[in-house]
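Student: I'll drop the sequence and a predicted model, then ask my questions.
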Amino acid sequence: MNYSEEEVAKHNSEESCWIVINGKVLDVTRWLKRHPGGKSVLLELGGRDASFDFTSVGHSGGAWKEMSKYEIGVIGASGGDGKRRSAL
């Protein structure tokens, strides 16, 4: 499913926390309480592109694999082709 940047930006709370990593939209709400770095890290990034933050921390292969469980779609214009239009 394609999501607009505006739609992703609405999901920035403990009730609904979405982030974007490498063009993929992740609903990390269920992961907040289990995130090894604490939920505040994810909440600070909620509703926006976290690609730089995620890659710069040097997450393990296990983290990349875990991340795929939360993928709900891609960033792109509503009804579009899923290609990234601009940074959040």
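Tutor: Alright, I've got the coordinates.

Student: mind checking which helix or strand the spatially most central residue of the chain is in?
Tutor: Taking Cα atoms, centre = their mean, the centroid of the chain lies closest to residue 19, which sits 2.0 Å from it. Following DSSP states H and E, one finds residue 19 within strand 18-21.

Student: for that strand, the distance to its chain's centre please.
Tutor: 1 Å (Cα atoms, centre = their mean, to the nearest Å).

Student: and that strand, what does it pack onto?
Tutor: Applying 3 or more Cβ pairs under 8 Å, 6 or more residues apart in numbering; DSSP states H and E, we find strand 18-21 packed against strand 24-27, helix 51-57. (C-beta placed from N, C-alpha, C; glycine too.)

Student: before we move on, the earlier item: residues contacting the residue nearest to the centre of the chain?
Tutor: Going by Cβ atoms under 8 Å, 6 or more residues apart in numbering, residue 19 touches 25-26, 28, 42, 45-50.

Student: before we move on, what about residue 1?
Tutor: Taking Cβ under 8 Å, 6+ apart, one finds 72-74 in contact with residue 1.

Student: And stretch 48-66, what's buried?
Tutor: Neighbour-count burial for stretch 48-66 flags 48-51, 53-54, 59 (criterion: 16 or more other Cβ atoms under 10 Å).

Student: Name the nearest of those residues relative to residue 38.
Tutor: residue 53 (13.7 Å; Cβ to Cβ).

Student: Quick check, the closest one in contact with residue 37.
Tutor: No: with contact defined as Cβ atoms under 8 Å, residue 53 does not reach residue 37; the gap is 10.4 Å.
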